[in-house]
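J.: just coords:
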């Protein structure tokens with residue numbers, strides 16, 4: 001996929017190149033996906049889950065997230081970042097920690113001059129599955145169909161990040177004609 005990236009960088013003068021980093025933020029497990037579009041075809045360049053030990057101090061986990069995502073942005077020449085809007089669940093502490101991660105990502109958006117796209121969980125589910133109250137396993141099934149080379153490892157953090165990256169891509173360009 002690196003050859004595809006080189007082609008995008010070389011052709012920057014021929015329209016807006018979009019390379020979207022989708023992030024499902026978390027201080028223990030953060031899903032990520034890098035998607036680009038070429039000839040109206042979405043291409044999954046990189047994906048996974050950054051896992052961290054809960055025993056690490058919070059400031060160290062946040063610092064590692066900052067370094068990790070800045071490296072992804074620089075490596076893939078990311079132009080856009082897609083995030084899920086936060087919602088207050090049952091645990092206010094988790095919501096607060098999620099705010100730290102989002103703050104780090106906001107700084108990266110500013111530092112690298114990226115476009116920021118934010119979507120509610122319902123918007124993401126509706127865009128990917130056609131149903132705003134879809135379950136995570138339904139999202140995962142659609143993602144595996146859209147990207148046959150993707151192997152689902154049981155981590156919804158990754159499929160959520162891929163879904164977010166697709167939403168960021170579609171938000172700016174409209175759905176690709178072929179996937």
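T.: Here it is on my side, so go on. Computed from a predicted structure; not experimentally measured.
J.: what element comes up after the helix or strand harbouring residue 139 heading to the C-terminus?
T.: Under the criterion of DSSP states H and E, residue 139 resides in helix 136-146. Downstream of helix 136-146, the first helix or strand assigned by DSSP H and E is helix 156-173.
J.: Report the rounded mean pLDDT for that next one.
T.: Mean pLDDT, helix 156-173: 92.
J.: which residues does residue 158 contact?
T.: 24, 31, 32, 33, 47, 48, 49, 152 (C-beta atoms under 8 Å, 6 or more residues apart in numbering). Yep, even glycine has a C-beta here, placed from its N, CA and C like the rest.
J.: Which of those has the largest number of neighbours?
T.: residue 33 (30 neighbours; other C-beta atoms under 10 Å).
J.: Does it belong to a helix, a strand or coil?
T.: strand (DSSP: H, G, I helix; E, B strand; the rest coil).
J.: Check residue 49 too.
T.: Applying three-state DSSP: residue 49 is strand.
J.: Next, count neighbours for the nearest residue to it once chain neighbours are set aside.
T.: Using C-beta to C-beta, 6 or more residues apart in numbering and skipping the chain neighbours, the partner closest in space to residue 49 is residue 157 (4.5 Å). Residue 157 has 23 neighbouring residues, counting by other C-beta under 10 Å.
J.: now residue 157: how far from residue 96?
T.: Using C-beta to C-beta, to the nearest Å, we find residue 157 at a distance of 19 Å from residue 96.
J.: The residue nearest the centre of the chain bridge partners, please.
T.: Centroid-nearest residue in the chain, with C-alpha atoms, centre = their mean: residue 22, separated by 1.0 Å. Judged by DSSP bridges, the bridge partners of residue 22 are residue 33, residue 82.
J.: surely it meets residue 163?
T.: Yes. Judged on C-beta atoms under 8 Å, residue 22 makes contact with residue 163 at a distance of 7.1 Å.
J.: And residue 85, its phi and psi?
T.: phi -70, psi 140 (degrees, to the nearest 10).
J.: in the chain, which ranges drop under the pLDDT threshold?
T.: 1-16, 88-89, 173-179 (pLDDT under 70).
J.: now do 50
T.: Residue ranges of the chain with pLDDT under 50: 1-14, 175-179.
J.: Show me what counts as buried in the helix or strand containing residue 61.
T.: Per DSSP H and E: residue 61 is located in helix 58-76. Buried residues in helix 58-76, counted by 16 or more other C-beta atoms under 10 Å: 61, 62, 64, 65, 66, 69, 70, 72, 73, 76.
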